[in-house]
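[1] here you go, sequence then predicted model.
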Amino acid sequence: MTIQALLGIGTDFSPVKSDLKPAGEMAFSMMFFSDIRKDITSSEKYDFITALTQFADQSKFTAVYLPERHFHEFGAIFPNSAVMAAYLIPQTKHIRFRTAGVSLPLHHPAEVVEWWAMNDILSNGRVDLGFGSGWNKPDFIYAPNNYDDRREKMTEQISIVKRLWAGESVEFEGPDNAYYATKVYPRPIQKSLKVWMLVAQNDKGFEQAGASGYNVFTMLYGADLASMERKISIYRAARERAGFDPETGEVTLMLHTLIGDSISQVKRAVENPFKAYIRSAMEAHLASDALQKKGAAEFGEQDKDSILEYAFQRYFKTGALFGTVEDGKRIVKQAQDIGVNEIACLMDFGVDYASVKDSLLHLEQLVAAYTGVK
């Protein structure tokens, strides 16, 4: 089946002549995170994710990133990334399955390894894992005692996950204060696990990921590419101090993505849904425990509207992969220049599905310009 037939789109796509020569390789992946549309059923959302994953599998994308979200309409269809991956794996041949990420303090590390070892076998070794500490207090009904020191718990448990994945036996406390030596089965195909650490804007997080030898998954949350350059430098310097090759660590940057015929057409397609997406994310963050303590409850609707308009304009101009193929190449070059190795294209932020599908062959052209560049 052709990509056009798979997506139900026409074949009258004419490649855009490019004046900007790619400077080098850049990996591209797809990411799903947040679909909040209320006019679409959950089943239709899963169908959309499936179609785009199959497209990415045929179009030289490196991976698909799957999230973990709980108890909020923002990302409500993603309570378990391992289940989503298990559904998608048999429908693909090449693409890797990654998490962005498992909220590790909510889970027992042995349980996480069991889930993903199964997926590693089912995919013939196409699993990598990204981990986060979690931030939303209600999520921690799964592990109430892990909230206050969640960052430390995440760090401790990543190393346990890696040991279990490699086949080591680890002791865990069970009933009656007894400890049980635990080795996880089934054994995954990959002998070692590639790990990403989710880091937003905290310098310490970039330093910690580098010192631990992990890859980084990050986003332009309240930042721009210029300020991200300093954080990537912190990451690579920490790798070097810890004895790791500073250049081999992979930095993955999430960017909201829509590539089309013209910048005006893309703006028309993304403005209303993207503002709704930002508002939903903003409401979730303003309701968080940390921001409530800082007085977020005092934000009125006018304040929120101002934040919303500013955020949209900033994202559209400087923080997303929006526009034509040529516009996309300019953004990619900026990302290359600051040390980004991979762009995770966020696809499900509320744009009409037909518009997203119509854009994919433009995105494929952009990706093709950077895969295999010498």
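    Now that the structure is in, tell me what you want to look at.
[2] what ranges does the stretch 251-374 of the chain have for its strands?
    Counting by DSSP state E, counting those that start in this stretch, one finds strands in the stretch 251-374 of the chain at the ranges 251-259, 320-323, 342-346.
[3] how about JSON lines for those, with mean neighbour count, mean pLDDT and distance to residue 57 added?
    For glycine as for every other residue, the C-beta is placed from the backbone atoms N, C-alpha and C. Formatted as JSON lines, the strands of the stretch 251-374 of the chain follow (neighbours: other Cβ atoms under 10 Å; pLDDT from 0 to 100; distance: least, Cβ to Cβ, whole Å):
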{"stretch": "strand 251-259", "mean neighbour count": "24", "mean pLDDT": "95", "distance to residue 57": "17"}
{"stretch": "strand 320-323", "mean neighbour count": "23", "mean pLDDT": "92", "distance to residue 57": "20"}
{"stretch": "strand 342-346", "mean neighbour count": "24", "mean pLDDT": "96", "distance to residue 57": "14"}
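[4] make a markdown table out of those and add distance to residue 189.
    Listed next are those as a markdown table, based on distance: least, Cβ to Cβ, whole Å:
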| stretch | distance to residue 189 |
| --- | --- |
| strand 251-259 | 23 |
| strand 320-323 | 33 |
| strand 342-346 | 22 |
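[5] those: which one's closest to residue 215?
    strand 251-259 (6.8 Å; Cβ to Cβ).
[6] longest helix in the protein, by residue count?
    helix 263-286 (DSSP state H).
[7] what's the angle from it to strand 251-259?
    130 degrees (axes from the mean of the first three to the mean of the last three Cα atoms, to 10 degrees).
[8] so how far is helix 263-286 off the chain centroid?
    Relative to its chain's centre, helix 263-286 lies at 18 Å (Cα atoms, centre = their mean, to the nearest Å).
[9] quick one, which of the strands of the stretch 251-374 of the chain gets closest to residue 331.
    Between residue 331 and these, the shortest gap by Cβ to Cβ is with strand 320-323, which sits at 5.5 Å.
[10] so how far is residue 34 from the closest residue to residue 349 other than its chain neighbours?
    Excluding the flanking residues, the one nearest residue 349 by Cβ to Cβ, 6 or more residues apart in numbering is residue 277, at 4.3 Å. To residue 34, residue 277 is 6 Å away according to Cβ to Cβ, to the nearest Å.
[11] intersection of neighbour lists for the two?
    Counting by Cβ atoms under 8 Å, 6 or more residues apart in numbering, the residues touching both residue 277 and residue 34 are 349, 350.
[12] give me every residue that touches the residue most central in space within the chain.
    Per Cα atoms, centre = their mean, the C-alpha nearest to the average position across the chain is that of residue 100, at 4.3 Å. Residues near residue 100 by Cβ under 8 Å, 6+ apart: 31, 33, 65, 66, 67, 130, 132, 196, 198, 217, 254, 344.
[13] strands - which of these land there?
    Members of those lying in strands (criterion: DSSP state E): 31, 65, 66, 130, 132, 196, 198, 217, 254, 344.
[14] which residues in the stretch 151-300 of the chain form helices?
    Using DSSP state H, counting those that start in this stretch, the helices of the stretch 151-300 of the chain run over 203-212, 225-241, 263-286, 289-293.
[15] returning to that earlier point: tell me the angle of the longest helix of the chain relative to strand 342-346?
    Using the same axes, to 10 degrees: helix 263-286 against strand 342-346 is 90 degrees.
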